[in-house]
Structure formats: structure tokens, C-alpha cells
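Chemist: 3D model of this:
(one chain, ligands or ions: 1)
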Amino acid sequence: MCTAATYKTKDFYMGRTLDYEFAYGEEVTVMPRNYPLHFRYMGDMSEHFAIIGMAHVADNYPLYYDAVNEKGLGMAGLNFVGNAVYAEPDTEADEKENVSQYEFIPWVLSQCSSVKEVRSLLMRINLVGTPYSEMFPAAQLHWIIADENEAITVESVKEGLKVYDNHVGVLTNNPPFDIQMLMLADYAGLSPKQPVNTFASGVNLNMYSRGMGAMGLPGDLSSRSRFARVAYTKMNSRSGDSENESVSQFFHILGSVEQQRGCCEVADGKYEITIYTSCWNAAKGIYYYTTYENSQISAVDMNREDLESSGLKRYPLVNGQHINYQN
Ligand SMILES: C[C@H](CCC(=O)NCCS(=O)(=O)O)[C@H]1CC[C@H]2[C@@H]3CC[C@@H]4C[C@H](O)CC[C@]4(C)[C@H]3C[C@H](O)[C@]12C
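Modeler: The predicted model follows:
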């Protein structure tokens, strides 16, 4: 399972956890402005916005899981298995832009500078299920797309393409986003404040611990529970607005839904874990991440690259714990 979130302090931050039982071999990948982007149905784009994100690079093509562009627009793809239904390519109608699911992130981030622009791009899109290759069958995903002003969720389902305003700025997996938002009402009574006794008059309740205001917030790893937990954590989050304070707080927000090996068995002896957690500063183009085996935050700053060049710049993930011995 995966969880994505946005967070605003002085700057705008966004990121995700990638939870799975194996890694595809992903790298922080910078796509400079002149990298020749080839689209399956939409031809070539020789110039576009620069992008940084996490990708599996296949034949020099970046299959992005999550990314942000130089305009501060970011997006992340999360599993939506059983509900994602893509369209068939429609090559008759000129007004429709056929874009395959694996091209959705580069298609959007190469040309849009805001969610507002994405909304109008989405009016013309025909999101199709064409796989990248035989080795990479179409991933069943849904997406969160956000800039500093707003966030949306995009779901391609059997009724067609749905675009939801995402007022909490979070996304997990199933069920569909509108149901997740509906179920959030189950937790309307929760609060970071110590509860006042409204249980019944005449019952004297002793508030025996701190932190009882969120009693009832689900602690399990199901997608609906992670949705409620991360939404609660993010919406109540307070931090200083310096870069370090914001980034630290962001990792704590996603830390509320991290998956420890052993707690979510997906097949005999196979466990889903938080393979990596990412956080980007959308304004500065800095991509921070931690991995399951490396709690130290690593970062790649896209503005330290030559963004006018044409080749991908790839940074393999730094793995392995770096323990700071003090004696
Ligand atoms: C497995 C991940 C989702 C993890 C998740 O959400 N786990 C919840 C499990 S669950 O909710 O319980 O089911 C997803 C998220 C992004 C995906 C890549 C997107 C680019 C590319 C698209 C191509 O078409 C296929 C290959 C490709 C590399 C994709 C592989 C894989 O699919 C990735 C990594």
C-alpha cells in the first residue's frame, strides 16, 4: 500500500510512501528540459519543463512513480487495483489526446504549471491502458496531483475519468476517493485536545492519559485506516517553517502510516514494507527520501543539474543505515 500527502509551511511540500513486497529498482531521476520525450500516441516533445522524481528507468525511459516539475506541480501514482479501468485508444477523434497510464506523469508535468492547467488538460485526455512493454503490464493506479494552491485526485474507472477536489491533500489506495472522504466522517469527533466528557451525564470519567482526543483513530495498515490516520496527522500538523523543520515534520506525517516488515503479510512469508518515503520541496525542486534500511534523509537538488541538457541524470538510492556513533 502507499500513502501520499501534501504539506504547506513557508514552502509547499509533497511526497509519498511506496509500500510493497519488492522493489522494481528505482532511482531519483532528473529529466532535463531537452530530454526527447516520446509518447506512444502523441508524438515527440523535444522541449518541456524539467522534472525530478522517483522512477524505474527502462531503456533510458523514466517510468515515474512520483515527481515534481520546475513549476512546483507534483503528482504521485498509487495502487488502485480492482478499480482502475483505462480507456481504449481512440485514434479517430482528433480532439482526444491518447495518453497511456505509464506516460501520465510525464505528460502532465512536462507541460502544466498548475493544477488549474491540469484540469483543462484532463478535459482532452483519453487515458489508455497500453502497457509500456511485455515486461511491464499496465499498473492499476490512481493519482494525486497538487500545487501550493490545491490538490486533486484522478481516477480512471469503468464510468470514465473522475477528477475530485482533494481538500485533505492525501491519498492511499482502495476504496475510491469519494468513499474514503465519506468514511472520514466516522472520525469527525476526534481532536488533538483532551476530550471533555460527553459520554453521559452523571458518569465520572477519569482522563487517565494524555492524547485521548484521537481515541478511535484506526491503527491498522488497511488503506482506509491509513487514509484516516494520515489525514488526521497532516491536518493537525504543526511545525516551524524552516526547511529542516518542514521536511522533518513531513517525514513524521508519513511516518504515521509506515509499514514495518512483518505486520502486513501479502503471501506466504512475504511482507509489504515501506520501501521508500519521499518528500519534495516543490518550489526549490529538492527531492528528499529515506528508505526502509536508511533512516537518514538523502536529497537530490534538481537545480544543481544542468536543466538545459538532454540526458537523464540518475541517482541510485542510498541504502544501508548510517549510524552516527557518538563515542
Ligand atoms: C507497486 C507500486 C504501488 C505500490 C502500492 O500502492 N502498493 C499497495 C498495494 S495494494 O494497494 O494493497 O494493492 C506502483 C506505484 C507506481 C508503479 C509504477 C509506475 C510506472 C510504471 C507503470 C507501468 O505500467 C508498470 C511499471 C511501473 C514501473 C509501475 C510499477 C508499479 O506498479 C508501481 C511502482
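
Chemist: so what's the residue of the chain at minimum distance from the ligand up against?
Modeler: Ranking the residues of the chain by distance to the ligand (Cβ to the nearest ligand atom) places N79 first, at 2.9 Å. From N, CA and C alone the C-beta is placed, and that goes for glycine too. By Cβ atoms under 8 Å, 6 or more residues apart in numbering, the residues touching N79 are M1, C2, A139, Q140, L141, N173, N174.

Chemist: Swap in 10 Å and give it another go.
Modeler: Neighbouring residues of N79 by Cβ atoms under 10 Å, 6 or more residues apart in numbering: 1-2, 18-20, 139-142, 172-174, 223.

Chemist: Check V99 too.
Modeler: 39-42, 86-87, 89, 106-108, 121, 124-128, 130 are the contacts of V99 under Cβ under 10 Å, 6+ apart.

Chemist: Quick check: PyMOL command selecting the buried ones in the residues you listed.
Modeler: Command for PyMOL that selects the buried part of the contacts of V99, burial taken from 16 or more other Cβ atoms under 10 Å:
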select buried, resi 39+41+86+87+89+106+107+108+125+126+127+128+130
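
Chemist: which of the contacts of V99 come close to the ligand?
Modeler: On the criterion Cβ under 6 Å from any ligand atom, none of the entries of the contacts of V99 sits beside the ligand.

Chemist: Filter the contacts of V99 down to just the ones in helices.
Modeler: P106, W107, V108, L121, R124 (DSSP state H).

Chemist: Next up, the contacts around the last one.
Modeler: Under the criterion of Cβ under 10 Å, 6+ apart, the neighbours of R124 are E95, K96, E97, V99.

Chemist: so can I have a markdown table of these showing secondary structure and pLDDT?
Modeler: Putting the contacts of R124 into a markdown table (DSSP: H, G, I helix; E, B strand; the rest coil; pLDDT from 0 to 100) gives the following:
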| residue | secondary structure | pLDDT |
| --- | --- | --- |
| E95 | coil | 79 |
| K96 | coil | 90 |
| E97 | strand | 96 |
| V99 | strand | 98 |
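
Chemist: for these, which one is nearest N281?
Modeler: Taking Cβ to Cβ as the measure, V99 is the one of the contacts of R124 closest to N281, at 27.4 Å.

Chemist: What distance do you get for the closest one to A200?
Modeler: V99 is 57 Å from A200, where distance means Cβ to Cβ, to the nearest Å.

Chemist: Quick check: which element contains the residue of the chain positioned farthest from its centre?
Modeler: No residue in the chain sits farther from the centre than G202, which is 47.2 Å out by Cα atoms, centre = their mean. According to DSSP states H and E, G202 maps onto no helix or strand at all.

Chemist: before we move on, back to that, neighbour-wise, which one of the contacts of R124 leads?
Modeler: V99 (25 neighbours; other Cβ atoms under 10 Å).

Chemist: Just list whatever residues bridge to it.
Modeler: L127 (DSSP bridges).

Chemist: Burial check on the residue nearest to V85 when sequence neighbours are not counted, number of neighbours?
Modeler: Of all residues beyond its chain neighbours, the one nearest V85 is K158 (4.4 Å), with distances taken as Cβ to Cβ, 6 or more residues apart in numbering. Using other Cβ under 10 Å, K158 has 7 other residues around it.

Chemist: Can you tell me how far K158 is from R124?
Modeler: Separation of K158 from R124 (Cβ to Cβ) stands at 21 Å.

Chemist: so what's the residue nearest to A4 when sequence neighbours are not counted scoring on pLDDT?
Modeler: The shortest distance from A4 to any non-neighbouring residue, by Cβ to Cβ, 6+ apart, is to R16 (3.8 Å). For R16, the pLDDT comes out at 98.
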